[in-house]
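Trainee: turn this into a model:
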Amino acid sequence: MAETQRKAPLRKATPVGLAKCPTGIAGLDEITQGGLPQGRPTLVCGGAGSGKTLFAMEFLVHGATMYNEPGVFIAFEETAAELAKNVESLGFDVNKLIKQKKLSVDYVHVERGEILETGEYDLEGLFVRIAYAVESVGAKRVVLDTIEALFAGLSDDFVLRGELRRLFRWLKDRGLTAVITAERGIETLTRQGLEEYVSDCVIMLDHRVTDQMATRRLRVVKYRGTAHGTNEYPFLIDKQGFSVLPVTGLCLEHRATTERISSGIPGLDTMLGGNGYFRGSTILISGTAGSGKTSAVAHFVDAACRRGERCAYFAFEESESQIIRNMSSIGIDLKQWMDKGLLNVSASRPTMLGLEMHLLTMHKEIERFEPRNVIMDPITDFEAIGTPGEAKAMLLRIVDFLKARQITAVFTSLTSEDSASGSTEVGISSLIDTWLLLRNIEQAGERNRGLYILKSRGMAHSNQIREFVLTDHGAKLMDVAIGPDGVVTGSARLAQQALEASGAAVREQAGEAKRRSLAHKRTALQARLKALQAEFDAEAQALELEIQQDRLREQHEQAERGRMVQSRTAQAGPPKPVKRGAA
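Mentor: This is a model prediction of the structure:
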């Protein structure tokens with residue numbers, strides 16, 4: 001047998017993954033690559049108000065309702081009635097689950113003054129209660145909330161560590177997937193500083209306040225036997241419960257399409273190669289205050305809704321009714337699309353939430369509404385609640401999230417008058433596929449708007465500056481007018497166009513005069529040609545007559561000479577013969 005094994009080819013052993021118990025908490029199962037370790041204890045630690053109890057209760061409720069795994073909640077601080085009332089606002093009907101034998105809640109009152117440290121102190125009584133509760137509902141999941149209350153009277157670390165090991169081993173031996181909550185210590189994950197060492201998985205919840213903005217974050221500190229996300233992840237507690245937002249992956253695997261969609265402004269579509277934006281691309285419209293950024297966005301929204309596509313509009317400076325009123329002044333009726341369910345406007349001040357909370361809120365709204373297009377107007381307001389680096393990281397995550405779902409995103413960005421055209425206030429120009437720059441042009445005592453395309457990846461586009469004019473019937477891009485000092489706009493453009501038109505009229509008149517003069521010259525020349533031709537013909541006829549006369553004269557003279565020769569010959573008579581030798 002040993003010889004056979006030595007001769008057999010070596011094979012790489014197929015790894016057997018650690019069994020996971022899904023939590024049903026949005027985002028957490030993705031971070032942990034499947035859930036919490038099945039049949040093992042998980043420690044959830046954090047400060048007061050960080051969401052530990054809610055996390056644990058949602059783990060049990062989802063197990064009972066989604067995975068047919070009954071659970072037991074052992075509470076040391078809140079009664080069953082208090083727990084049921086606290087989670088009722090999240091849509092969890094704990095009492096109903098208790099009646100259906102899918103959940104058991106047991107409140108264990110522990111008074112610190114009643115605990116006496118002796119050599120005989122143990123947890124046998126607790127084990128009996130847990131075992132009874134588990135058997136009563138056939139539980140697969142157990143929660144202990146919180147462990148400090150259980151060991152509040154123990155100061156001997158040796159005894160405490162021993163009892164913790166006994167507790168965790170007891171849960172493991174019975175194959176129970178346990179969540180144990182603990183209060184966070186000053187310099188340790190927990191107050192005792194021991195639980196994290198005997199737990200197979202440790203999750204830390206954090207509720208921090210920075211610059212008066214509160215943010216909730218989650219981190220998987222340790223997870224034995226499996227890979228897991230190690231970053232800090234923002235999470236949200238709202239009416240739907242506990243949700244975690246994973247940090248965007250580093251792999252750029254977004255699918256790119258050649259489909260084009262209209263910007264809603266025909267002139268702009270022409271500048272973009274005649275077909276508009278790429279589907280699923282990210283567009284940035286930046287410009288100074290009052291340059292028309294929101295108006296350009298409204299045209300895109302109107303065109304998208306006319307195609308029957310849903311649009312999610314996240315506004316951070318104007319209310320829903322204000323946007324509707326303002327856009328109606330340029331002939332765009334956004335309310336009709338809201339009434340048809342194609343447009344959803346979410347308006348809030350940036351300072352209402354932290355960056356991560358805004359990101360989570362947008363994620364949840366996008367997943368709920370399922371739009372084809374997303375508007376964020378403007379993104380520069382996020383600098384008020386975070387550093388430029390944090391704002392850029394947040395926007396990077398939302399861009400990747402939208403690209404992965406082939407959602408076309410249009411962002412607006414407020415720039416200052418003296419900012420460089422090659423940079424944005426939040427530094428995300430490298431993430432943008434198409435970048436439009438609107439600018440105010442001061443000229444001839446007027447302030448007008450100009451638009452040009454700074455970049456548009458993957459397509460040929462115009463490099464011209466066009467005047468961006470807002471009318472009662474929408475935005476229009478006017479043809480370029482060039483004056484002595486370059487591009488002119490507004491009344492200067494009209495004056496230049498009038499000057500060009502008058503110049504064209506003058507040139508046309510001058511040309512017409514030249515054409516008339518040329519016609520007169522042509523007529524005179526043709527008359528001269530006819531006269532010369534007639535003169536030539538008469539002279540040719542005269543010459544021909546002279547030639548004929550000369551020919552006749554010559555013939556007559558030849559005839560006369562012939563007659564003279566004949567006459568002389570006749571008068572002389574015949575010739576006399578010559579005698580030989582007469583010499």
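
Trainee: every contact and neighbour count from this point should use C-alpha atoms.
Mentor: Noted.

Trainee: pLDDT weak spots in the protein?
Mentor: For the chain, applying pLDDT under 70 flags the ranges 1-16, 110-122, 152-157, 159, 185-198, 246-253, 417-427, 443-444, 480-499, 571-583.

Trainee: give me the domain ranges for it.
Mentor: Per automatic domain parsing, the structural domains of the chain span 20-244, 260-480, 481-532.

Trainee: how far away is the closest residue to residue 457 other than its chain neighbours from residue 322?
Mentor: In space, and not counting its chain neighbours, residue 457 is closest to residue 433: 5.4 Å by Cα to Cα, 6 or more residues apart in numbering. Using Cα to Cα, to the nearest Å, residue 433 is found at 29 Å from residue 322.

Trainee: more neighbours: the two, which one.
Mentor: Each of residue 433 and residue 322 has its neighbours counted (other Cα atoms under 10 Å); residue 433 has more, 17 against 11.

Trainee: the more buried one contacts residue 280, doesn't it?
Mentor: No: using Cα atoms under 8 Å, residue 433 is not in contact with residue 280, being 9.8 Å away.

Trainee: quick one: the strands in the stretch 301-450 of the chain?
Mentor: Secondary structure of the stretch 301-450 of the chain, counting by DSSP state E, counting those that start in this stretch: strands at 311-315, 343-347, 373-377, 408-414, 434-443, 446-456.

Trainee: got it, and the stretch 101-250 of the chain?
Mentor: Ranges of strands within the stretch 101-250 of the chain are 103-107, 141-145, 177-183, 201-210, 213-223, 232-238, 241-244, based on DSSP E, counting those that start in this stretch.

Trainee: could you check the angle the second one makes with strand 103-107?
Mentor: For strand 141-145 against strand 103-107, the angle by axes from the mean of the first three to the mean of the last three Cα atoms, to 10 degrees is 20 degrees.

Trainee: tilt between strand 141-145 and strand 177-183?
Mentor: Using the same axes, to 10 degrees: strand 141-145 against strand 177-183 is 10 degrees.

Trainee: show me what strand 141-145 is packed up against.
Mentor: The contact analysis (3 or more Cα pairs under 8 Å, 6 or more residues apart in numbering; DSSP states H and E) places strand 141-145 against helix 52-66, strand 71-75, strand 177-183.

Trainee: returning to what we had before: could the strands of the stretch 301-450 of the chain be laid out in a markdown table, adding mean neighbour count?
Mentor: Listed next are the strands of the stretch 301-450 of the chain as a markdown table, based on neighbours: other Cα atoms under 10 Å:
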| stretch | mean neighbour count |
| --- | --- |
| strand 311-315 | 23 |
| strand 343-347 | 19 |
| strand 373-377 | 23 |
| strand 408-414 | 23 |
| strand 434-443 | 21 |
| strand 446-456 | 19 |
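
Trainee: dump those strands to CSV, plus distance to residue 394.
Mentor: Below are those laid out as CSV (distance: least, Cα to Cα, whole Å):
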stretch, distance to residue 394
strand 311-315, 15
strand 343-347, 18
strand 373-377, 13
strand 408-414, 13
strand 434-443, 19
strand 446-456, 23
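
Trainee: mind checking which of these is nearest residue 128?
Mentor: strand 343-347 (51.9 Å; Cα to Cα).

Trainee: tell me which other helices or strands that closest one touches.
Mentor: The contact analysis (3+ Cα pairs under 8 Å, 6+ apart) places strand 343-347 against strand 311-315, helix 320-328.

Trainee: do that again at 6 Å, thanks
Mentor: Packed against strand 343-347, as judged by 3 or more Cα pairs under 6 Å, 6 or more residues apart in numbering; DSSP states H and E, are the following elements: strand 311-315.
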